[in-house]
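Peer 1: model this:
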Amino acid sequence: MVKKKTVYICNECGAKFPTWAGKCSACGAWGSIVEEKEENFNKRKSFSVGDTARAVSLSQTLEETLLERIKTNILTLDEAFGGGVVKGQVILLSGEPGIGKSTLLLQVAYQIAKQGSKVLYITGEESSSQVYIRGKRINAISENIFILADTNLENVLTNIEQLNPDFVILDSVQTVYSSELESSAGSVSQVREVSARLTEIAKQKNIPVILIGQVTKEGNIAGPKVLEHIVDTVAHFEGERGNAYRVLKIVKNRFGSAGEIAVFNMTSKGLEEVKDPSSFFLSEKPQGKSGSIIFPYTEGSKPVLVEIQALVSKTVYAVPQRKAQGIDINKLSIITAILEKELNIFLKDRDIFVNVVGGMQIKEPAVDLPLALAIISSFYDKPIDNIASFGELGLTGEVRSVYYTDLRIKECEKFKVKKLVIPKSVEEYQPSFVKVSSLKEAVVKVFNEKNF
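Peer 2: You can find the predicted model right below:
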């Protein structure tokens with residue numbers, strides 16, 4: 001009997017090591033290396049799913065791709081995916097537990113089934129009856145939706161071969177295992193094998209496949225990064241459990257632009273799409289209150305107006321607090337340092353709390369200028385009603401240009417924003433524009449404050 005070799009694999013990047021180490025030398029992650037039995041992939045039996053693929057011209061492939069998109073009949077979702085789901089596309093959807101991933105995909109399955117297509121919904125976390133109860137609650141029961149409650153990859157592939165569905169949904173990829181591997185479900189080798197085999201069958205049979213991926217406590221997709229490289233599209237489902245809204249953000253898309261978003265409202269009957277998210281996020285914006293400003297957020301072609309709030313108060317602690325929700329705490333620290341250095345605003349004895357209303361997670365640099373203005377507004381207790389702003393701040397206080405300027409401006413014009421504080425490099429001009437080249441200039445023009 002041949003003794004199998006033990007290897008150590010990084011859960012984050014999939015790198016292999018002969019011995020255990022606390023830190024992965026390939027990606028730098030700590031505590032991500034786990035012990036596994038080395039598998040002989042060369043002896044794995046291949047799973048035949050049809051005829052051998054043939055090479056075709058690029059122009060013909062492009063035409064077929066443009067024509068063969070499956071509509072989910074959820075307008076904002078189709079727009080986020082670039083016009084629908086392409087046949088053979090593999091989508092990885094991740095999100096916090098209980099955020100509504102299974103609910104959304106069951107609604108997608110129902111909309112596709114209504115068009116006469118067969119949908120195979122594979123659940124490794126729930127029983128068929130549990131899926132039925134959810135489907136009944138959100139009115140998503142159809143005879144064209146087939147439920148398979150199984151975690152064995154070979155059984156899953158057999159069912160796909162026999163049923164020949166038009167659409168496949170797997171919930172979740174970390175629960176499925178291959179019997180040809182000795183490692184447990186959710187391990188690096190199992191996740192890699194499951195995703196690779198399903199991607200193979202999706203491409204050969206031209207079936208769209210959506211994989212639900214579990215996330216770590218940091219909010220990242222669980223499993224090796226190779227999983228994100230295998231699939232065509234990566235989407236994150238975001239939102240706070242205490243809020244009704246949910247945001248689907250496209251991080252990677254080989255069949256469309258990345259950065260697109262779709263906003264949903266969680267109700268007792270499932271997720272409802274929000275066709276005008278700017279109105280949704282600004283519907284309860286207070287008037288006459290300091291520390292609040294409008295920010296036209298976008299990472300794709302669809303801008304959304306969100307409210308940035310800041311609260312600056314006298315601290316009662318030896319070390320002042322810095323708390324941020326929806327914005328990186330490191331960005332808040334940098335903006336605070338710029339305010340102290342360039343504007344001589346003394347914040348060492350002040351607590352600073354920052355919040356993106358609704359729980360939106362913002363990582364783009366265009367939020368720098370509105371964040372600084374919101375903090376200054378709260379510090380001086382001067383309201384800045386009906387004012388929007390965007391721009392990146394340099395460490396010396398200069399205001400730099402950002403991308404998608406025209407889209408941000410049009411969204412602000414749509415909601416009749418009174419004043420728009422923007423970088424001076426923007427070529428377009430309107431009376432509502434307040435163009436600034438530095439943070440000092442912005443404070444003078446917005447607050448008429450020169451004491452710094």
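Peer 1: now do the closest residue to Pro365 other than its chain neighbours, the pLDDT please.
Peer 2: The shortest distance from Pro365 to any non-neighbouring residue, by C-beta to C-beta, 6 or more residues apart in numbering, is to Glu392 (4.1 Å). Yep, even glycine has a C-beta here, placed from its N, CA and C like the rest. According to the prediction, Glu392 has pLDDT 97.
Peer 1: verify the stated contact: Glu392 with Ala372.
Peer 2: No - between Glu392 and Ala372 there is no contact under C-beta atoms under 8 Å: 10.8 Å.
Peer 1: higher neighbour count, those two?
Peer 2: Applying other C-beta atoms under 10 Å to Glu392 and Ala372 shows that Ala372 carries more neighbours, namely 27 against 17.
Peer 1: spit out the contact partners of that one.
Peer 2: Ala372 sits next to 335, 338-339, 393, 439, 442 when contact means C-beta atoms under 8 Å, 6 or more residues apart in numbering.
Peer 1: going by distance to Ser279, which of these wins?
Peer 2: Ala442 (26.9 Å; C-beta to C-beta).
Peer 1: before we move on, back to that, the residue nearest to Pro365 bridge partners, please.
Peer 2: Arg400 (DSSP bridges).
Peer 1: that one and Thr336, how far apart?
Peer 2: 16 Å (C-beta to C-beta, to the nearest Å).
Peer 1: output stretch 29-39 as PDB, restricted to C-alpha atoms.
Peer 2: The C-alpha coordinates for stretch 29-39 follow below in PDB (Å, rounded to 0.1, in the frame of the first residue of the first chain):
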ATOM      1  CA  ALA A  29      -1.400  35.600   4.800                       C
ATOM      2  CA  TRP A  30      -1.100  34.600   8.500                       C
ATOM      3  CA  GLY A  31      -2.600  31.300   9.800                       C
ATOM      4  CA  SER A  32      -3.900  30.300   6.400                       C
ATOM      5  CA  ILE A  33      -1.700  27.100   5.900                       C
ATOM      6  CA  VAL A  34      -3.500  23.800   6.500                       C
ATOM      7  CA  GLU A  35      -2.400  20.200   6.300                       C
ATOM      8  CA  GLU A  36      -3.800  18.000   3.500                       C
ATOM      9  CA  LYS A  37      -3.100  14.700   1.800                       C
ATOM     10  CA  GLU A  38      -1.500  15.200  -1.700                       C
ATOM     11  CA  GLU A  39      -3.800  13.900  -4.400                       C
END
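Peer 1: any chance you could map the helices in the chain?
Peer 2: Taking DSSP state H to define them, one finds helices in the chain at 58-67, 75-80, 101-113, 128-137, 153-163, 188-205, 226-230, 277-282, 329-343, 368-380, 405-414, 439-447.
Peer 1: would you list these in TSV and tack on distance to Gly213?
Peer 2: Below are the helices of the chain laid out as TSV (distance: least, C-beta to C-beta, whole Å):
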stretch	distance to Gly213
helix 58-67	25
helix 75-80	17
helix 101-113	9
helix 128-137	18
helix 153-163	16
helix 188-205	9
helix 226-230	7
helix 277-282	24
helix 329-343	26
helix 368-380	31
helix 405-414	30
helix 439-447	40
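Peer 1: among these, which is nearest Val215?
Peer 2: Nearest to Val215 among those is helix 101-113; the distance by C-beta to C-beta comes to 10.0 Å.
Peer 1: average pLDDT across the closest one?
Peer 2: In this model, helix 101-113 has a mean pLDDT of 95.
Peer 1: other SSEs contacting it?
Peer 2: Packing partners of helix 101-113 (3 or more C-beta pairs under 8 Å, 6 or more residues apart in numbering; DSSP states H and E): strand 90-95, strand 119-123, helix 128-137, strand 145-149, strand 167-171, strand 209-213, strand 270-273.
Peer 1: average pLDDT across the longest one?
Peer 2: Taken as a whole, helix 128-137 has an average pLDDT of 94.
Peer 1: try the first one
Peer 2: Confidence for strand 90-95, expressed as mean pLDDT, is 92.
Peer 1: quick one: low-confidence residue ranges for the stretch 151-300 of the chain.
Peer 2: 216-226, 241-242 (pLDDT under 70).
Peer 1: quick one: contacts for Ser438?
Peer 2: Ser438 makes contact with 342, 397-399, according to C-beta under 8 Å, 6+ apart.
Peer 1: farthest-apart pair in those, please.
Peer 2: Farthest-apart pair in the contacts of Ser438 is Glu342 and Val399; separation 11.3 Å (C-beta to C-beta).
Peer 1: how is this protein divided into domains?
Peer 2: 6-38, 62-274, 280-447 (automatic domain parsing).
Peer 1: for the nearest residue to Leu393 once chain neighbours are set aside, grab the count of nearby residues.
Peer 2: Spatial nearest neighbour of Leu393, chain neighbours left out: Asp368 (3.9 Å); criterion: C-beta to C-beta, 6+ apart. Neighbour count of Asp368, defined by other C-beta under 10 Å: 24.
Peer 1: same check on Pro431?
Peer 2: Neighbours of Pro431 (other C-beta under 10 Å): 5.
Peer 1: against Glu284, how distant is it?
Peer 2: Using C-beta to C-beta, we find Pro431 at a distance of 29 Å from Glu284.
Peer 1: mind listing what the residue nearest to Thr267 when sequence neighbours are not counted touches?
Peer 2: Nearest in space to Thr267, with sequence neighbours left out and distances taken as C-beta to C-beta, 6+ apart, is Ala244 at 7.5 Å. By C-beta under 8 Å, 6+ apart, the contact set of Ala244 is 265-267.
Peer 1: mind listing the residues bridging to the nearest residue to Asp171 once chain neighbours are set aside?
Peer 2: Spatial nearest neighbour of Asp171, excluding adjacent residues (C-beta to C-beta, 6+ apart): Ile212 at 4.5 Å. Counting by DSSP bridges, Ile212 is bridged to Leu93, Asp171.
Peer 1: show me what contacts Ile212?
Peer 2: Counted by C-beta under 8 Å, 6+ apart, Ile212 has contacts 93-94, 101-102, 105, 169-173.
Peer 1: distance to Val417 for the residues you listed - can I get that in JSON lines?
Peer 2: Converted to JSON lines, those look like this (distance: C-beta to C-beta, whole Å):
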{"residue": "Leu93", "distance to Val417": "34"}
{"residue": "Ser94", "distance to Val417": "34"}
{"residue": "Lys101", "distance to Val417": "34"}
{"residue": "Ser102", "distance to Val417": "38"}
{"residue": "Leu105", "distance to Val417": "36"}
{"residue": "Ile169", "distance to Val417": "41"}
{"residue": "Leu170", "distance to Val417": "44"}
{"residue": "Asp171", "distance to Val417": "41"}
{"residue": "Ser172", "distance to Val417": "42"}
{"residue": "Val173", "distance to Val417": "43"}
